[in-house]
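Trainee: Sequence first, then the predicted structure:
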Amino acid sequence: MNEYLIIIPAFNEEANIGKVLQGIYARKLPVDVLIIDDGSLDKTAAIARSQSAIVVSHPCNLGYGAALQTGYQYAFAKGYRYLIQFDADDQHDPA
């Protein structure tokens with residue numbers, strides 16, 4: 001486990017999540033990546049898992065705020081020192 005966790009709330013982002021994860025992993029940073037799948041009806045979670053991200057799935061769409069809370073709770077429970085919030089829609093540049 002790393003000291004850093006990137007949390008990425010995601011809802012129906014199968015078109016973007018793979019590219020987002022590839023961009024993050026290309027930086028070769030000492031981070032773990034958590035995708036909070038907020039009840040997606042597409043392959044968001046499966047794509048994230050296939051790229052070695054940690055995935056927590058909500059049973060239904062609870063909204064962005066709830067997805068963030070899930071990420072914060074996960075980080076606290078696992079003892080991460082630092083948390084970075086990132087978007088799943090490819091608007092944030094991993095650089």
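Mentor: Here it is on my side, so go on.

Trainee: hey, where'd the helices end up in the protein?
Mentor: Assigned by DSSP state H, the helices in the chain fall at 17-26, 44-50, 64-78.

Trainee: Just send those helices back as JSON lines, with mean neighbour count and mean pLDDT too.
Mentor: Glycine gets a C-beta too; all of them are placed from N, C-alpha and C. Below are these laid out as JSON lines (neighbours: other C-beta atoms under 10 Å; pLDDT from 0 to 100):
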{"stretch": "helix 17-26", "mean neighbour count": "18", "mean pLDDT": "97"}
{"stretch": "helix 44-50", "mean neighbour count": "20", "mean pLDDT": "98"}
{"stretch": "helix 64-78", "mean neighbour count": "15", "mean pLDDT": "98"}
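
Trainee: Go through those and name the closest to residue 4.
Mentor: Closest of those to residue 4 is helix 64-78, at 9.6 Å (criterion: C-beta to C-beta).

Trainee: picking up where we left off before, dump the helices of the chain into JSON lines; add distance to residue 36 as well.
Mentor: Supplementary listing: those in JSON lines, determined by distance: least, C-beta to C-beta, whole Å:
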{"stretch": "helix 17-26", "distance to residue 36": "11"}
{"stretch": "helix 44-50", "distance to residue 36": "10"}
{"stretch": "helix 64-78", "distance to residue 36": "4"}
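
Trainee: now for the ones you listed, which one comes closest to residue 33?
Mentor: The nearest among those, by C-beta to C-beta, is helix 17-26 at 6.1 Å.

Trainee: who touches the closest one?
Mentor: Helix 17-26 is contacted from outside by 6, 8, 10, 13, 31, 33, 35, 44, 47-48, 51-53, 86-90, 92-94, using C-beta atoms under 8 Å, 6 or more residues apart in numbering.

Trainee: Write the PyMOL selection for whichever of the residues you listed are buried.
Mentor: In PyMOL syntax, the buried subset of these is picked out as below (16 or more other C-beta atoms under 10 Å):
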select buried, resi 6+8+10+13+31+33+35+44+47+48+51+53+86+88+94
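
Trainee: that older thread, out of the helices of the chain, which is closest to residue 57?
Mentor: Comparing those by C-beta to C-beta, helix 44-50 comes nearest, at 5.4 Å.

Trainee: Got the confidence number for the closest residue in space to residue 57 that isn't next to it in sequence?
Mentor: Excluding the flanking residues, the one nearest residue 57 by C-beta to C-beta, 6 or more residues apart in numbering is residue 37, at 4.2 Å. Residue 37 is assigned 98 on the pLDDT scale.

Trainee: Great, nothing more from me.
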